[in-house]
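K.L.:
build me a model:
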Amino acid sequence: MIGTANENLKREGQGADMNLPLLLTVSLGAATACSPHRPPAAPSAADAVQLHPAPADSGHAPVNGISMYYEAYGPAGGIPLVLLHGGGSTIDVTFGRVLPFLARTRRVIALEEQGHGRTTDRDAPVRFDTSADDVAALLRHLGVAQADLFGFSNGASVALEVAIRHPGLVRKLVFASSFTKRDGAMPEFWGFMKDADFSNMPQPLKDAFLRVNPDTAQLRRMHDKDARRMQAFEDIPDDRIRAVRAPTLVVLGDRDIVRAEHAVALTRLLPDARLLVLPGGHGDYLGEAVMTRRETRLPEITAGLIDTFLNEGR
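P.N.:
Sure thing, here's the model as predicted:
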């Protein structure tokens, strides 16, 4: 649960001392510095769910023994963009502020992972590879032959596994704020994950889950399974990454939990990759509801840059 670790390290005041990518002061520094007015406070995580319109379609699909929740936005037709949220999160927490911009001109399908939000759990760990198979099964259920995938944080790791395990399904890949090797994250992240506990899960993440699913026992199970997934994280072999054929955009914030050096190395390892570095910490460029606490135009800017990447060569 990368976002949980980031938020808790930030709350404990460690970010400034260790130069962690947790400070949120750069979200739109250049723009706000030019304004004589202080920007209004951003909506809280509780309010973020109201920032995007109602979906054109939503429902649950039977997927590998679970009931997977999904939503669809934007005009029908064409290659859809599939959104995969971060650990411990819901669709709204990760994508609530950026989704309206992404769905202006294309079909967008957002889903919730095993045990997260409105998707049921199974008697098995949450793993990147099994979640990738769940995504593939959902797309088959919806009759989608090929899609663009945009994963953030843990969702990026799932998206990468879809591209590896189901290459024919993925036209283009956006790999945002995640890593493929343990040394790709700041070392302090692993120290926090070693001691991760439900008691220090950020309250806004708990609130966001309970808003769509009042099952407090499931909330705890989600946290614990996500924590164990990260504690057991293993490096992805280079040959598996080199096998990815989908053009890939690697995205991170300049104060992200992901080391910039790792992102550069990843773009060189992937056969067809570009790199996009945006100002801010983990998820600021999306307006992620827990990490981003101020008004910012970055979600709209980010959506435009991603849209440009997805439209290249169409």
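
K.L.:
L138: what's it in contact with?
P.N.:
A61, V63, M68, Y70, L111 (C-beta atoms under 8 Å, 6 or more residues apart in numbering). To be clear about C-beta, it is placed using only N, CA and C from the backbone, and glycine gets the same treatment.

K.L.:
so the last one is in contact with A72, correct?
P.N.:
What it means is L111. No. Taking contacts as C-beta atoms under 8 Å, L111 lies outside contact range of A72: 9.8 Å.

K.L.:
out of the contacts of L138, flag the one nearest to F95.
P.N.:
If you rank the contacts of L138 by distance to F95 using C-beta to C-beta, L111 comes first, at 10.7 Å.

K.L.:
list the residues that contact that closest one.
P.N.:
Contacts of L111 by C-beta under 8 Å, 6+ apart are M68, Y69, Y70, E71, V82, L83, L84, I91, T119, V135, L138.

K.L.:
okay, helices next: where are they in the stretch 101-250 of the chain?
P.N.:
128-141, 154-165, 187-194, 203-212, 216-231, 238-242 (DSSP state H, counting those that start in this stretch).

K.L.:
number of nearby residues for P53?
P.N.:
Burial of P53 is recorded as 11 neighbouring residues (other C-beta atoms under 10 Å).

K.L.:
if we can go back for a sec, out of the contacts of L111, which are inside helices?
P.N.:
Those of those mapping onto helices are I91, V135, L138, per DSSP state H.

K.L.:
could I get those as TSV with pLDDT and distance to G115?
P.N.:
Formatted as TSV, those follow (pLDDT from 0 to 100; distance: C-beta to C-beta, whole Å):
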residue	pLDDT	distance to G115
I91	98	14
V135	98	14
L138	98	15
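
K.L.:
between these, which sits nearest R182?
P.N.:
V135 (23.9 Å).

K.L.:
wait, doesn't that closest one sit right on H85?
P.N.:
No. At 11.6 Å, V135 and H85 do not qualify as touching, with contact defined as C-beta under 8 Å.

K.L.:
before we move on, the earlier item: now the ones in helices among the contacts of L111 in JSON lines, with distance to R171?
P.N.:
Shown next, in JSON lines, are these (distance: C-beta to C-beta, whole Å):
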{"residue": "I91", "distance to R171": "21"}
{"residue": "V135", "distance to R171": "14"}
{"residue": "L138", "distance to R171": "16"}
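
K.L.:
centre of the chain to stretch 71-88, how far?
P.N.:
Remark: stretch 71-88 is offset 12 Å from the chain centroid, using C-alpha atoms, centre = their mean, to the nearest Å.

K.L.:
residue contacts, the residue nearest the centre of the chain?
P.N.:
Residue closest to the average C-alpha location in the chain (C-alpha atoms, centre = their mean): F152, at 2.1 Å. Contacts for F152 (C-beta under 8 Å, 6+ apart) come out as L84, H85, G86, T94, F95, A176, S177, S178, G283, L286, E288.

K.L.:
what's the end-to-end length of stretch 226-236?
P.N.:
18 Å (C-alpha to C-alpha, to the nearest Å).

K.L.:
and what of stretch 185-199?
P.N.:
23 Å.

K.L.:
quick check: mean pLDDT across that stretch?
P.N.:
Stretch 185-199 comes out with an average pLDDT of 93.

K.L.:
and stretch 145-154, by the same measure?
P.N.:
On average, stretch 145-154 scores 98.

K.L.:
give me the distance between P271 and I79.
P.N.:
According to C-beta to C-beta, to the nearest Å, P271 stands 20 Å off from I79.

K.L.:
can you pick out the residue with more neighbours from those two?
P.N.:
Neighbours per residue (other C-beta under 10 Å) separate P271 from I79, with I79 holding more: 16 against 12.
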